[in-house]
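> This is a predicted model, with the sequence first.
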Amino acid sequence: MLRHLLIASAASLLAVSPALAQDGLKPTGRWITPRVGAAVTPPMGWNAWNAFRTEGDEAKVMGSAQALRDTGLARLGYRYVNLDDGWWLFPSVASRDGGEASFKPFVDRLHAMGFKAGIYTDVGRNVCSQAWDLKSPNLPVGTALEREVGLEGHVDQDIGLFFGEWGFD
């Protein structure tokens, strides 16, 4: 009985969708972003968390990016240099002389080296290390509000800052 139901279900599916009858793996939806072509390699890169956890800094990240270039890994497809937890304490984020803080020069240096720059955040009010790694150094400090470095409540503002003003990829 089950076999007959499965055969009937498959036949009705094929009858409803002639495209599936020709090629069951053919995509039926449309992407809204332009397709440039198939990737030569899967997206590959380096993430500050894997090397430094919350103890990364700009010099360590730039040194790691330089190592990706010097060792030839960049030529093999390691194109991404990603900041993770702790980036909010980098000097680029600190306000200087009362002026606006900006990661733009940092991101521009990564781009000039041929890398795409990534940055970690969280859709909640806090980031992972604040919930799961409380013994790490360099966690956000200050009042409860000042420690909230996640996107909740200001997604558009932060996304505009990270990807618009600062130029992260």
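Noted; the coordinates are in hand.
> In stretch 108-123, which of the residues would be classed as buried?
L110, F115, A117, G118, I119, Y120, T121, D122 (16 or more other CB atoms under 10 Å). Where you see a C-beta, it was placed from the backbone N, CA and C, and this is true even at glycine.
> correction: stretch 47-60
Buried, per 16+ other CB under 10 Å, within stretch 47-60: N47, A48, W49, F52, R53, T54, G56, D57, E58.
> Quick check: closest non-adjacent residue to the fifth one.
Spelled out, it's R53. S136 (5.7 Å; CB to CB, 6 or more residues apart in numbering).
> need the contact list for Y120.
W49, N82, L83, D84, D85, W87, V127 (CB atoms under 8 Å, 6 or more residues apart in numbering).
> measure it to R75 for me?
26 Å (CB to CB, to the nearest Å).
> for the protein, what spans make up the strands?
Applying DSSP state E to the chain gives strands spanning 44-47, 78-83, 116-119.
> How about the residue nearest to the spatial centre of the chain: which residues does it bridge to?
Nearest to the mean C-alpha position of the chain, by CA atoms, centre = their mean, lies G118 at 5.2 Å. For G118, the beta-bridge partners are N82 (DSSP bridges).
> Pull the contacting residues for it.
G45, N47, Y80, V81, N82, L83, F168, D169 are the contacts of G118 under CB under 8 Å, 6+ apart.
> Thought K116 was touching the third one, still the case?
Yes - in this structure, Y80 is within contact of K116 by CB atoms under 8 Å, at 5.0 Å.
> shared neighbours of these two, anything?
G45, D169.
> distance of S102 from E165?
7 Å.
> where in this protein is pLDDT low?
1-36, 39-40, 95-99, 144 (pLDDT under 70).
> can you rerun that using 90?
Low-confidence segments of the chain, defined by pLDDT under 90: 1-43, 53-56, 85-102, 121-154.
> In terms of packing, which of S102 and E165 has more residues around it?
Applying other CB atoms under 10 Å to S102 and E165 shows that S102 carries more neighbours, namely 16 against 13.
> Any figure for the gap between the residue lying closest to D158 once chain neighbours are set aside and D108?
In space, and not counting its chain neighbours, D158 is closest to L151: 5.2 Å by CB to CB, 6+ apart. Separation of L151 from D108 (CB to CB) stands at 24 Å.
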